[in-house]
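Student: predicted coordinates and the sequence they were generated for:
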Amino acid sequence: MLCDDVKRVMYFFLDGSLGDQKRQTIEIHLGDCPDCETRVTIHRRLRGFFRKRLAPLTAPETLRVRVVQSLRAGQ
Ligand SMILES: [Zn+2]
């Protein structure tokens, strides 16, 4: 496995949507390659950060309730 291969499949790796065998190959590479390990760590943190920030925006129920309330207030 090359660093370019790791870059290409990194998102799937972080998603957990890679097969066991491929994931294992990447984990072995990460153990040998500090560059890729750092890159994966950074992306993992970024993903957690964005998920936290975007969570309130992607809650449709909250939004629906707010819209209904503002419509009622306007009547
Ligand atoms: Zn590498």
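Tutor: Yes, it's here.
Student: check whether the helix or strand hosting residue 27 contacts the ion.
Tutor: Per DSSP states H and E: residue 27 is located in helix 20-32. No: applying CB under 5 Å from the ion, one finds helix 20-32 separated from the ion by no less than 5.6 Å. Bear in mind the C-beta positions are built from the backbone N, C-alpha and C, glycine included.
Student: and the helix or strand just after that helix, is it in reach of the ion?
Tutor: Using DSSP H and E, the helix or strand that follows helix 20-32 in sequence is helix 34-54. Yes: residues of helix 34-54 contacting the ion under CB under 5 Å from the ion: residue 36.
Student: if we can go back for a sec, so how far is the helix holding residue 27 off the chain centroid?
Tutor: Taking CA atoms, centre = their mean, to the nearest Å, one finds the center of helix 20-32 at 19 Å from the center of the full chain.
Student: in that helix, what's buried?
Tutor: Counting neighbours by 16 or more other CB atoms under 10 Å, one finds that the buried residues in helix 20-32 are 25, 26, 29, 30.
Student: next up, the contacts around residue 1.
Tutor: Applying CB atoms under 8 Å, 6 or more residues apart in numbering to residue 1 gives the contacts 25, 26, 28, 29.
Student: would you turn those into a markdown table with pLDDT and distance to residue 16?
Tutor: Putting the contacts of residue 1 into a markdown table (pLDDT from 0 to 100; distance: CB to CB, whole Å) gives the following:
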| residue | pLDDT | distance to residue 16 |
| --- | --- | --- |
| 25 | 95 | 15 |
| 26 | 95 | 12 |
| 28 | 96 | 17 |
| 29 | 96 | 17 |
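Student: which one of those is nearest the ion?
Tutor: residue 29 (5.6 Å; CB to the ion).
Student: is it true that the closest one touches residue 36?
Tutor: Yes: contact criterion CB atoms under 8 Å: residue 29 and residue 36 qualify, at 6.1 Å.
Student: now for these two: what residues contact both?
Tutor: Common neighbours of residue 29 and residue 36 (CB under 8 Å, 6+ apart) are 3, 6.
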